[in-house]
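*Asks:* return atomic coordinates for the entry below.
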Amino acid sequence: MAARMIGAARGLVENAIKTGTETLTKTTAFARSPRVQQTITLIRTELGPPKSTDMPAIKQGLNGFKAELQGFTNNTVKEAVIKIGVAFEVCCWFYIGEIIGRRSLIGYKFDL
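*Replies:* Prediction:
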């Protein structure tokens, strides 16, 4: 009886080692694939903080945004409606994200 249990345990351990090795091999091959490497490179460059060389372009963009806000009255009605619609859509997506994050339509749930 003890020999059967030892044999069963040995079989389980060997199966776990075999499965773990196969999974590790597949995971390593996937992580080294060009697609994953390109994604990691894009994440590092696009989601990183701005560099000091990017600051003039950021300032120029903010100045353009400021001029756009100040010149809002110079837009045609069609342009104004489009811009208001875009702003409304951004607000709606923000609130939908908040609702999803809270997992509730009204308020946050506090566990006291």
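*Asks:* now do the longest helix seen in the chain: distance to the chain's middle.
*Replies:* Criterion DSSP state H: the longest helix present in the chain is helix 2-31. From the chain centre to the centre of helix 2-31 is a distance of 34 Å (Cα atoms, centre = their mean, to the nearest Å).
*Asks:* cool, and stretch 27-45?
*Replies:* The chain centroid and the centroid of stretch 27-45 are separated by 15 Å, computed with Cα atoms, centre = their mean.
*Asks:* may I have that stretch as PDB, with CA atoms only?
*Replies:* What follows is stretch 27-45 as a C-alpha-only set of coordinates in PDB (Å, rounded to 0.1, in the frame of the first residue of the first chain):
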ATOM      1  CA  THR A  27       6.000  31.200 -22.000                       C
ATOM      2  CA  THR A  28       9.600  32.000 -22.700                       C
ATOM      3  CA  ALA A  29       9.200  31.500 -26.400                       C
ATOM      4  CA  PHE A  30       6.100  33.800 -26.400                       C
ATOM      5  CA  ALA A  31       7.900  36.500 -24.400                       C
ATOM      6  CA  ARG A  32      10.800  36.400 -26.800                       C
ATOM      7  CA  SER A  33       8.600  36.700 -29.900                       C
ATOM      8  CA  PRO A  34       9.000  39.900 -32.000                       C
ATOM      9  CA  ARG A  35       5.500  41.000 -31.400                       C
ATOM     10  CA  VAL A  36       5.800  41.000 -27.600                       C
ATOM     11  CA  GLN A  37       9.200  42.700 -27.800                       C
ATOM     12  CA  GLN A  38       7.800  45.400 -30.100                       C
ATOM     13  CA  THR A  39       4.900  45.900 -27.600                       C
ATOM     14  CA  ILE A  40       7.300  46.200 -24.700                       C
ATOM     15  CA  THR A  41       9.300  48.800 -26.600                       C
ATOM     16  CA  LEU A  42       6.200  50.800 -27.400                       C
ATOM     17  CA  ILE A  43       5.100  50.700 -23.800                       C
ATOM     18  CA  ARG A  44       8.400  52.000 -22.600                       C
ATOM     19  CA  THR A  45       8.500  54.900 -25.100                       C
END
